[in-house]
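A.B. asks: sequence and predicted model, in that order:
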Amino acid sequence: MHVRRGLRSEITMYRDTSSEKRLSSRARIEAQAPLVRFDTFIQAIRDSGYKGPASALAELVDNAIEAGAKHVAIDLITGPELDAVSLIRVIDDGVGMSPDNLQTALQFGGSSRFNSRESLGRYGMGLPCSALSLAERVDIWTWRSARTLWRSYLDVAEISARGINAVPQPARVSRPAAYPGTPSGTMVELSRCDRLDPCKLAALSRLLPVELGRIFRHRLVQGIALSINGKAVEPIDPLFLTGESKWAKGVPFGPPLRFPIKVPNSRRTSEVIVAFSELPVTKWFNLANKTKRQLGIANGAGVSIVRLGREVDYGWLFMGRKRRENYDDWWRCEIRYEPTLDELFGLTHTKQRIRPTQSLEAIITPETEAVARTLNARVRAAFLNLKTDSRILPSERRAGAGDLLLDPPTLFLDRLNARPTQNSSSKDLVAGLHYDLTLKPLKTGAMFEAALRGSTVEVKLNTRHVFYEQVYERIKKQHALRSCDAITLLELLMLAYGRAELSATSGVAARHAAKLRSAWSDVLTSFLG
């Protein structure tokens, strides 16, 4: 018995000794290998994957709104190299921060509202991640009264060179030159902006108002003032229901769809609201392509995901098997939800992308896909009606719109100069030329003829030419949407040729152009048989 007791005691001692050795070994490993290598972590976090400068700066605007700011100013400051932006300031008139809150704000994961479902932020990663994704250094000044300003910073080069692993203690400082004079507020300054794309002032000045105007459109409508280099950012609604009255011509398509969704790990439900709008095809289809791109009509098809009044994603979402087509540019969708459903929507920490769960897709997608197919069919029908029933051909409209970019023909200028009043001449020059394409049997063998009648380019397509019989008429008889598109392109080719022929600067040149057109028509006849 004594032997067994002694053996048991030795075994116990061995186990205790082994446990101590394992604990000691683990402690040494932890001492030698910290969970985060801060110097390399900073370099890696700079590649957080923001879509662009607007998405990164939106995080700073979020912080300002959370602080109760009514005015947020973004200043883009260029360096000595041409117009490249090297410094960005974001200044707000919010409540400001205490020194402790300032230090926390610069921490990765530091937040007084961590995992909150009542605010724009959630994880406390927005400020340092977004700032360092654009610049090598971020400085923050904050004040709760005009007499006391606090400052702290993060510097990528300093962290890498000196192995700094803590946020510098906030220091009380004097007013900086850019101090706006508000009773309270915060100023974030991004310097050594080495990751701006685009980096040119002109390009950023065009891009940022559009992106930020869309992201914060609801907040702007509610009264938040946002400016870039002193110019107010206007709300840009992809549904074209709000904003500048000239373009707020979208029409809601039925009442919004409402989906009560169970909140994960809760007995509560939260409502997801899905709204659709139709754009006015009959009013806008003839806009110049450049204008359509600038307004976000062309290539603008998609769904806007809005969380707490702030857009967090835009793309072809919740559409099921419905593939995106050009006709889908003419209707839009907005899905609004509350932060309590973040897990179901799969919101990323950068607040610029969602990855919805299958369970959420199963609830929403069947309804949204069905409405999307209905709207697509309505747009198709609207375009087909325009192309088949309109008295003015689509090609004539497009040619007239494009004529404003061309120099007037010499013949047209000579006729204007012969007029008695200067006012009419100026008006006609600004208006550009009009176009008229008619079908008519011609005595000549030319495929078409062109003439200038007043301010109208008249092009007559020869119905006796083989091109009309074998190509034009056959396509036109199909009455399909693609056939209408093909006809429009053919008509534009003829209108363009006629316009170019009328641009001849002398009688000799005009005769040569007509001769070439006649010869070209003969060759085409031979080719088509």
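C.D. replies: Good, I have the coordinates.
A.B. asks: the spatially most central residue of the chain: which element?
C.D. replies: Centroid-nearest residue in the chain, with C-alpha atoms, centre = their mean: Glu211, separated by 5.2 Å. Using DSSP states H and E, the element containing Glu211 is helix 201-215.
A.B. asks: list the contacts of that helix.
C.D. replies: The contact list for helix 201-215 (C-beta atoms under 8 Å, 6 or more residues apart in numbering) reads 52-55, 57-58, 61, 74, 76, 78, 83-85, 196, 198, 220, 226, 228-229, 231, 233-238, 296, 304, 310-311, 314. C-betas here are computed from N, CA, C, even on glycine.
A.B. asks: let's see it at 7 Å
C.D. replies: Contact partners of helix 201-215, identified using C-beta atoms under 7 Å, 6 or more residues apart in numbering, comprise 53-54, 58, 61, 76, 78, 83, 85, 198, 220, 226, 228-229, 233-236, 238, 310-311.
A.B. asks: what pLDDT is listed against Thr444?
C.D. replies: Looking at Thr444, its pLDDT reads 88.
A.B. asks: before we move on, what SS does it have?
C.D. replies: Secondary structure for Thr444, judged by DSSP: H, G, I helix; E, B strand; the rest coil, is coil.
A.B. asks: change the start of the numbering to 14 and stick with it
C.D. replies: All set: I'll call the first residue 14, so the last point we hit is now Thr457.
A.B. asks: which SSE is immediately downstream of the worst-scoring helix or strand of the chain on mean pLDDT?
C.D. replies: Least confident helix or strand, the chain: helix 435-444 with a mean of 47, by mean pLDDT, DSSP states H and E. Later in the chain than helix 435-444, the nearest helix or strand by DSSP H and E is strand 447-453.
A.B. asks: same for that following strand, what does it pack against?
C.D. replies: Other elements packing on strand 447-453 under the criterion 3 or more C-beta pairs under 7 Å, 6 or more residues apart in numbering; DSSP states H and E are helix 407-416, strand 469-475, helix 494-514.
A.B. asks: where does pLDDT dip in the stretch 314-463 of the chain?
C.D. replies: Applying pLDDT under 70 to the stretch 314-463 of the chain picks out residues 400-404, 428-444.
A.B. asks: if we use 50, what do you get?
C.D. replies: Filtered on pLDDT under 50, the stretch 314-463 of the chain yields the residue ranges 434-443.
A.B. asks: what sits against the closest residue to Arg477 other than its chain neighbours?
C.D. replies: Residue nearest to Arg477 in three dimensions, not counting chain neighbours: Pro454, with 4.9 Å by C-beta to C-beta, 6 or more residues apart in numbering. Contact partners of Pro454, counting by C-beta under 7 Å, 6+ apart, are 475-477.
A.B. asks: what's the helix or strand for Ala395?
C.D. replies: helix 371-402.
A.B. asks: swap in Thr155?
C.D. replies: Going by DSSP H and E, Thr155 is part of strand 150-158.
A.B. asks: now that strand: how far from the chain's centre is it?
C.D. replies: Offset of strand 150-158 from its chain centre (C-alpha atoms, centre = their mean, to the nearest Å): 30 Å.
A.B. asks: mind checking pLDDT for His478?
C.D. replies: Reading off the confidence values, His478 has pLDDT 93.
A.B. asks: just checking, it touches Lys456?
C.D. replies: No: in this structure, His478 is not within contact of Lys456 by C-beta atoms under 7 Å, at 11.8 Å.
A.B. asks: so which of those two has more stuff around it?
C.D. replies: Neighbours were counted for His478 and for Lys456 using other C-beta atoms under 10 Å; His478 has more, 22 against 8.
A.B. asks: could you pull up phi and psi at the more buried one?
C.D. replies: Note on His478: its backbone torsions stand at phi -80, psi 150 [degrees, to the nearest 10].
A.B. asks: which positions in stretch 449-466 come out as buried?
C.D. replies: For stretch 449-466, the neighbour count (16 or more other C-beta atoms under 10 Å) marks 449-450, 459-463, 465 as buried.
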